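Student: Got a predicted structure here, sequence first:
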Amino acid sequence: MTENVYPTFDSLKKGALPRNMEERFCLPNLQTKHILKNVFNCEVITSEKEADEEIVILANEMNAMGILGQDSDYVIYQTRVLYLSSQHLNISKLTTMVYDRDRFATHIGIQVTQLPIFAVLAGNDIINRDDLHQFHRWVS
């Protein structure tokens, strides 16, 4: 993996997009914090617990444009911050998909304020969907 990572960061440090960006782009898991902090002089904030809520709070406090990720939990938070898909990110065109909590709630026939209870009943990071199987059978 490192053979793909270092050329990417070298190009970014020079202010250029790496060649063959789509097939080569990846971030190192363990070294990301060090590289972002020491090479790119970025502020790095870490969390000692489930980070979803902290990320949403921080995004609101910093007036962020959005949260780039791939975790459906971000759809349930009542925030003005956009939830942007990292899975659908096209790094060379800088486009992605926006997950819209209002449209999602309308699509499934509930109010936006009911999304947290929907997440609990459907299963999420904390409550495994398989653990809810008996409840789902009882409801239906």
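Tutor: Now that the structure is in, tell me what you want to look at.

Student: going forward, measure contacts between C-alpha atoms and count neighbours the same way
Tutor: Will do.

Student: Tell me the spacing between residue 37 and residue 11.
Tutor: 17 Å (Cα to Cα, to the nearest Å).

Student: quick one, helices of the protein?
Tutor: 2-13, 21-24, 32-34, 52-61, 73-76, 101-108, 115-122, 133-139 (DSSP state H).

Student: Single out the most deeply packed of these.
Tutor: Burial of the helices of the chain is given as mean neighbour count (mean count of other Cα atoms under 10 Å); helix 73-76 ranks first at a mean of 19.

Student: helices and strands around that helix, which ones?
Tutor: helix 52-61, helix 115-122 (3 or more Cα pairs under 8 Å, 6 or more residues apart in numbering; DSSP states H and E).

Student: Considering those, which stretch scores lowest in mean pLDDT?
Tutor: Per-stretch mean pLDDT for these is lowest at helix 115-122 (a mean of 84).

Student: which residues sit against that helix?
Tutor: Contacts to helix 115-122, defined as Cα atoms under 8 Å, 6 or more residues apart in numbering, come from residues 73, 75, 76, 77, 105, 127, 129, 132.

Student: Alright, that wraps it up for me.
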